[in-house]
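> just coords:
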């Protein structure tokens, strides 16, 4: 009975996660990744991102984790750039006003979910 309840709770959490996903766009930036607005010269690896004003919230986004999934191209007529699956990235930087995406992923993180030749993609994301 406990196992059945746990499976039902996990299924409900998954449905909630999908239902609460936010639509946006993602771009990518290239190394060097330090210094960052959140952590200075700390090496946070490559599964990182910079947050646009939509997420930044006066540094409140620093060191939070987001699940990001590619949902399609940003331009009609462009081949499907998505590779499937989702990634989890840590917000370590700020993508200033004029930022071309909701989330500016590291080049490595972007390449895990989409063809970098796309440059900009449609995404679904949520805090994890």
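Cool, the structure landed. Only a predicted model underlies this, so the values are computations on that prediction, with no experimental measurement involved.
> not counting its neighbours along the chain, what's nearest residue 86?
residue 69 (4.0 Å; Cβ to Cβ, 6 or more residues apart in numbering). C-beta coordinates here come from the backbone N, C-alpha and C atoms, glycine included.
> neighbouring strands - and their directions - for whichever strand or helix holds the one you found?
Using DSSP states H and E, residue 69 sits within strand 65-73. Strand pairing for strand 65-73, using DSSP bridges, gives strand 86-94 (antiparallel), strand 121-127 (antiparallel).
> which of the ones you listed sits closest to residue 26?
Evaluated over the strands paired with strand 65-73, closeness to residue 26 peaks at strand 121-127, with 4.7 Å, by Cβ to Cβ.
> what does the closest one contact?
With Cβ atoms under 8 Å, 6 or more residues apart in numbering as the test, strand 121-127 has contacts from 17, 20-26, 64-74, 81-82, 102-103, 110, 113-114.
> buried ones only from those residues, please, as a PyMOL command.
PyMOL command restricting the contacts of strand 121-127 to the buried ones, with burial defined by 16 or more other Cβ atoms under 10 Å:
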select buried, resi 21+24+25+26+64+66+67+68+69+70+71+73+74+81+82+102+103+110+113+114
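> wait, doesn't residue 55 sit right on residue 102?
Yes: with contact defined as Cβ atoms under 8 Å, residue 55 counts as touching residue 102 (6.8 Å).
> where do the helices sit along this structure?
Using DSSP state H, the helices of the chain run over residues 2-19, 53-56, 107-113.
> quick one: average confidence on the shortest one?
On average, the pLDDT along helix 53-56 is 93.
> just stretch 31-42 next, same as before
Mean per-residue pLDDT for stretch 31-42: 96.
> got it, and stretch 73-83?
90.
> list the contacts of that stretch.
25, 70-72, 112-115, 117-118, 120-122.
> now with 7 Å, please.
Here stretch 73-83 makes contact (Cβ atoms under 7 Å, 6 or more residues apart in numbering) with 25, 70-72, 113-115, 118, 120-122.
> also stretch 38-49?
With Cβ under 7 Å, 6+ apart, stretch 38-49 has contacts from 33-36, 62-63, 66, 87-93, 103-106, 108-109.
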